[in-house]
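[1] What follows is a predicted protein model with its sequence.
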Amino acid sequence: VTNPSDSGAVDLGAVLETVRSEIRPYFGKGRVASYIPALKRVPGDKFGMAVALTDGREFRVGDAAEAFSIQSISKLFTLMLAMSTIGNEVWRRVGKEPSGTAFNSLVQLEYEKGIPRNPFVNAGALVVLDCVLQRTGERTADVIRDYARVLSRNFSVDYDEAVFASELKTAHRNAAIANLLRSHRTIHHDAEQLLALYCRQCALEMSCLDLARAFLPLAHAGVSPSLQEAILTPRQAKRINALMMTSGVYDSAGSFAFRVGLPAKSGVGGGIVAIVPKHCCIAVWSPELDRSGNSLVGTAALELFVQLTNLSIL
Ligand code: GLN
């Protein structure tokens with residue numbers, strides 16, 4: 001386990017098995033998300049991890065093939081779509097700085113005149129979705145789902161209707177954010193329409209394997225190795241990785257960089273996607289969350305993974 005630039009030097013199958021056995025003490029320390037009622041039903045002891053390498057190899061362990069609610073990881077799909085369709089206009093409407101606040105905070109948004117700090121806090125994701133909606137209109141939900149299907153090479157990827165309905169019914173805080181954005185004219189569509197679409201994108205169900213495959217282009221200068229197609233330009237891929245590094249895990253960005261040292265995006269379903277540029281995409285899932293809403297076991301698993309492989313970029 002010495003030369004990280006040589007992907008053949010480390011037995012990643014063995015690494016994943018070691019990670020799985022060493023993360024056991026972390027179970028029971030976090031809490032499964034309960035503010036979205038349908039997420040409460042997921043057993044806290046689930047654990048899966050998958051790694052997709054740019055050279056085409058794949059490794060996985062545990063519940064890596066089981067679909068779960070990807071929640072905020074979907075913000076990567078909408079950002080990729082927005083950047084590849086409307087380009088730089090996105091950056092006139094949303095910032096690039098870490099927020100230091102919770103993903104669903106309203107305070108900063110009011111102070112900063114309705115311009116969200118970054119595309120990964122909920123306010124920023126709503127603005128990004130508004131940009132996508134501008135381009136794809138009524139087809140937006142299908143466009144996002146089909147994008148996830150093509151990138152993951154899994155055509156059974158779909159929205160979980162129960163999670164969608166459950167979140168929409170209890171999305172009071174996100175409704176407030178959408179209305180605040182509308183009052184500042186940062187979004188151009190109806191707040192209610194946008195909120196429903198946002199809850200839908202968050203209800204996408206995918207497995208670790210699906211996610212590791214779908215976001216591999218971010219580790220490969222924007223090119224999908226399996227599709228042999230440029231999904232993003234190298235510059236766009238770099239920019240998304242930079243935003244993941246500074247804002248992908250919200251107010252834990254500092255401690256996550258300290259422990260893991262990789263660009264990453266988390267979701268309250270317990271998933272985390274991490275990128276090792278020029279090398280691989282890692283997806284991990286375990287539903288118990290820490291106080292910032294990131295998977296507690298998943299973060300520990302990524303920390304162990306980089307220790308065992310030297311694959312941290314820092
Ligand atoms: N749908 C969730 C919300 O808006 C997503 C949050 C997350 O995964 N961090 O509250």
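    That came through fine.

[2] Name all residues that make contact with Ser295.
    Residues near Ser295 by CB atoms under 8 Å, 6 or more residues apart in numbering: 30, 266, 270-272, 284-289. For the C-beta atoms, the positions are set from N, CA and C on the backbone; glycine is no exception.

[3] no wait, Pro119
    Contact analysis of Pro119 by CB under 8 Å, 6+ apart lists 75, 79, 90, 94, 125, 127-128, 243, 247.

[4] same deal with Leu109?
    If you count contacts by CB under 8 Å, 6+ apart, Leu109 has them with 116, 123, 177, 180-181.

[5] can you dump the C-alpha coordinates of whichever strand or helix holds it into CSV?
    Here Leu109, judged by DSSP states H and E, is contained in helix 107-111. What follows is helix 107-111, C-alpha atoms only, in CSV (Å, rounded to 0.1, in the frame of the first residue of the first chain):
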residue,chain,number,x,y,z
VAL,A,107,-30.4,33.2,8.0
GLN,A,108,-27.5,33.7,5.6
LEU,A,109,-29.9,33.9,2.6
GLU,A,110,-31.7,36.8,4.1
TYR,A,111,-28.5,38.7,4.9
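
[6] Could you point out the helix or strand that follows it?
    Next helix or strand after helix 107-111 toward the C-terminus (DSSP H and E): helix 122-136.

[7] pLDDT averaged over that following helix, what's the number?
    Taken as a whole, helix 122-136 has a mean pLDDT of 97.

[8] Dump the C-alpha coordinates for it into PDB.
    Written as PDB, here are the backbone C-alpha positions of helix 122-136 (Å, rounded to 0.1, in the frame of the first residue of the first chain):
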ATOM      1  CA  ASN A 122     -30.700  23.800  -0.300                       C
ATOM      2  CA  ALA A 123     -31.200  27.400  -1.400                       C
ATOM      3  CA  GLY A 124     -28.400  27.000  -4.000                       C
ATOM      4  CA  ALA A 125     -29.800  23.700  -5.200                       C
ATOM      5  CA  LEU A 126     -33.200  25.300  -5.700                       C
ATOM      6  CA  VAL A 127     -31.600  28.100  -7.800                       C
ATOM      7  CA  VAL A 128     -29.700  25.500  -9.900                       C
ATOM      8  CA  LEU A 129     -32.900  23.600 -10.400                       C
ATOM      9  CA  ASP A 130     -34.600  26.800 -11.500                       C
ATOM     10  CA  CYS A 131     -31.900  27.100 -14.100                       C
ATOM     11  CA  VAL A 132     -32.500  23.600 -15.300                       C
ATOM     12  CA  LEU A 133     -36.200  24.100 -15.400                       C
ATOM     13  CA  GLN A 134     -35.700  27.200 -17.600                       C
ATOM     14  CA  ARG A 135     -34.100  24.900 -20.200                       C
ATOM     15  CA  THR A 136     -36.100  21.700 -20.000                       C
END
